[in-house]
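Visitor: sequence unavailable; structure follows:
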């Protein structure tokens, strides 16, 4: 059966829940519609997260992103909606979604939204010589 767009996000158990590590997912072909004109909007999404007990399953994420193709959405709203849905599904320690939209009317838009679990403390960065 071919893939279909879906709002369902699947998760799987984090294989290393005791360790803080970062997962980065680049989605270069996100599309939705301008809610004012109905014209397509194109963006590259970057999801960066520190998982807790669950990780997002990539095929389900692909189908989820696909589901926005025919929906009208302001850049700010769709970025925060996607972050909210990913946080609800995975319950991460930390998650950042960066949405870099292509030009619309001579203006580029970048929207960055973050979630931080209040019980999590980010580790001190290591700076090597």
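Guide: Okay, I see it. No experiment lies behind these values; they were computed from the predicted model shown.
Visitor: was I right to think residue 20 contacts residue 50?
Guide: Yes - in this structure, residue 20 is within contact of residue 50 by C-beta atoms under 8 Å, at 5.4 Å. Backbone N, C-alpha and C define where each C-beta goes, glycine included.
Visitor: neighbour count winner among the two?
Guide: Neighbours per residue (other C-beta atoms under 10 Å) separate residue 20 from residue 50, with residue 50 holding more: 20 against 15.
Visitor: mind listing what that one touches?
Guide: Counting by C-beta atoms under 8 Å, 6 or more residues apart in numbering, residue 50 makes contact with 20-23, 92-95, 120.
Visitor: dump these to CSV, plus secondary structure.
Guide: CSV is the format used below for the contacts of residue 50 (DSSP: H, G, I helix; E, B strand; the rest coil):
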residue, secondary structure
20, coil
21, coil
22, coil
23, strand
92, coil
93, coil
94, strand
95, strand
120, coil
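Visitor: are any of those buried, and if so which?
Guide: Buried by 16 or more other C-beta atoms under 10 Å: 92-95, out of those.
Visitor: among these, which one lies nearest to residue 44?
Guide: Distance to residue 44 across these (C-beta to C-beta) is lowest for residue 95, with 17.0 Å.
Visitor: wait, doesn't the closest one sit right on residue 54?
Guide: No - counting by C-beta under 8 Å, residue 95 does not reach residue 54; the two are 11.6 Å apart.
Visitor: just how off-centre is the lengthiest helix in the chain within its chain?
Guide: Ranked by number of residues, the top helix in the chain under DSSP state H is helix 75-90. Relative to its parent chain, helix 75-90 has a centroid offset of 7 Å by C-alpha atoms, centre = their mean, to the nearest Å.
Visitor: which residues sit against it?
Guide: Outside helix 75-90, the residues touching it (C-beta under 8 Å, 6+ apart) are 7, 9-11, 32, 41, 43, 45, 47, 49, 51-52, 54-56, 64-65, 68, 71, 73, 92, 95, 97, 99, 101, 109, 111-115.
Visitor: cool, thanks, signing off.
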